[in-house]
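Colleague: structure for the following, please:
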Amino acid sequence: MKLFAVDGMTLDFDPSNPADTIQGTITILGSPSSKVFAKLSPDKGVYLDGLQVQVSGITVPSVGATIPDPGPYTTTMNKTSDKNEELANNKFILRLDDESDSITAKPKIPASPSPVVYSTTFKIKITDAGQDKVEGN
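Modeller: The predicted model follows:
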């Protein structure tokens with residue numbers, strides 16, 4: 001059982017290389033469901049599989065890659081649930097720890113005579129569901 005992701009959820013970078021501390025701006029491009037709600041006070045719509053997010057201004061300060069890859073990169077969040085479905089759209093509910101497709105960005109390390117490209121691959125992960133009461137499989 002994991003918490004359902006609702007409006008107010010937190011997304012963060014999940015690098016494939018643990019040494020990479022990735023920074024940038026993550027923007028949610030969709031809205032929560034207007035048909036399925038987590039019973040809270042007040043009720044909140046849940047986010048569904050296929051939600052798109054956009055990432056821009058990517059740096060990796062842990063390796064000195066401080067010249068941003070401007071992006072933007074658009075990716076899709078993927079569900080791990082196979083039981084909590086919004087029937088109207090035939091989509092499953094996103095939950096805590098669900099991740100996006102992989103993104104490869106290329107910020108640069110300042111160097112003379114020209115900056116050095118640093119390639120980093122990461123996913124976007126739901127690190128806080130935006131609520132702590134409603135969960136499912």
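Colleague: my guess is Gly45 contacts Leu51, does it?
Modeller: No. Taking contacts as C-beta atoms under 8 Å, Gly45 lies outside contact range of Leu51: 11.6 Å. C-beta: built from backbone N, CA, C; applies to glycine.
Colleague: neighbour count winner among the two?
Modeller: Legend: neighbour count by other C-beta atoms under 10 Å for Gly45 and Leu51, higher for Leu51 (24 against 17).
Colleague: so what's the backbone phi/psi at the more buried one?
Modeller: Dihedral angles of Leu51 (phi, psi; degrees, to the nearest 10) stand at phi -60, psi 130.
Colleague: measure it to Ser62 for me?
Modeller: According to C-beta to C-beta, to the nearest Å, Leu51 stands 28 Å off from Ser62.
Colleague: pLDDT weak spots in the protein?
Modeller: 85-88 (pLDDT under 70).
Colleague: any idea which residue sits dead centre in this protein?
Modeller: Residue closest to the mean C-alpha point of the chain, counted by C-alpha atoms, centre = their mean, is Ile124 at 3.2 Å.
Colleague: any idea how far that residue lies from Ile22?
Modeller: From Ile124 across to Ile22, the span is 10 Å (C-beta to C-beta).
Colleague: and the spatially most distant residue from the centre of the chain, how far is that from Asp7?
Modeller: Computed with C-alpha atoms, centre = their mean, the residue of the chain farthest from its C-alpha average is Pro113, at 35.4 Å. Counting by C-beta to C-beta, the gap from Pro113 to Asp7 is 48 Å.
Colleague: swap in Gly71?
Modeller: 24 Å.
Colleague: what's in contact with stretch 97-112?
Modeller: Defining contact as C-beta atoms under 8 Å, 6 or more residues apart in numbering, one finds that stretch 97-112 is touched by 2, 5, 14, 16, 22, 24, 53, 55, 58-60, 63-69, 71, 73, 75-80, 115-127.
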